[in-house]
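Student: okay, here's the prediction I keep looking at, along with the sequence it came from:
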Amino acid sequence: PAHLADALGGASGSVVAVVVGVPMECVKHRLQLGASLRAATRAGLYDGLLATLARNLPYNVVVFASFQTLKSLGCSTPLASLAAGLLTAIATHPIDLVNTRIQAARLASDRPPSVLAAFRAAATQRALFDGLLFRCLAFPPASLVFFSLYHPLRLALLSTFFPLGPP
């Protein structure tokens, strides 16, 4: 309960960010797969919106809540950051793979698969954990950089806008 605000704050931020981020991520995935810019930006810029929410909501809840929990248990900021990044990488990897497949599917057909259909296909192919090692190597350092900046900036903003403490 003490870190519920952190989890809810992370979840709320992810919902807002998805509206802006999904179209850019769709174009990025399609360009990486060899589509022309024209083909990449045509229809379906919000393909994978639900899959992205299904990935980002737990991502932000896990990373913020685990970081704050580990800090409250006495872990240093670097250790809490690295552990939160690793936990988040593992917890959200399968849905990230599904999300990428949905966003890339528009190149192969007019209609991308549903989240459930893409998840079933990846599970059937035993591909849900393809690339997990790289994700586990990439996320902890990124989390370390993020929380190394986030925590001091958060405190500075709070003390600037709420000098007597939060309302």
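Tutor: Thanks, I have the structure now.
Student: show the contacting residues for residue 20.
Tutor: Counting by CB atoms under 8 Å, 6 or more residues apart in numbering, residue 20 touches no other residue. No exception for glycine: its C-beta is placed from N, CA and C like everyone else's.
Student: now it: how far from residue 45?
Tutor: Residue 20 is 11 Å from residue 45, where distance means CB to CB, to the nearest Å.
Student: which helix or strand in this protein has the lowest average pLDDT?
Tutor: Of the helices and strands making up the chain, the lowest-confidence element is helix 37-41, at a mean of 71, by mean pLDDT, DSSP states H and E.
Student: next structured bit after it?
Tutor: Proceeding N to C from helix 37-41, the next assigned helix or strand is helix 49-72, under DSSP states H and E.
Student: wait, doesn't residue 23 sit right on residue 46?
Tutor: Yes: under the contact definition of CB atoms under 8 Å, residue 23 touches residue 46, with a separation of 6.6 Å.
Student: past the helix or strand where residue 116 lies, which element shows up next along the chain?
Tutor: Using DSSP H and E, the element containing residue 116 is helix 115-124. Moving toward the C-terminus from helix 115-124, the first helix or strand encountered (DSSP H and E) is helix 132-161.
Student: buried residues in that next one?
Tutor: Within helix 132-161, the residues scored as buried using 16 or more other CB atoms under 10 Å are 135, 139, 140, 143, 144, 146, 147, 151.
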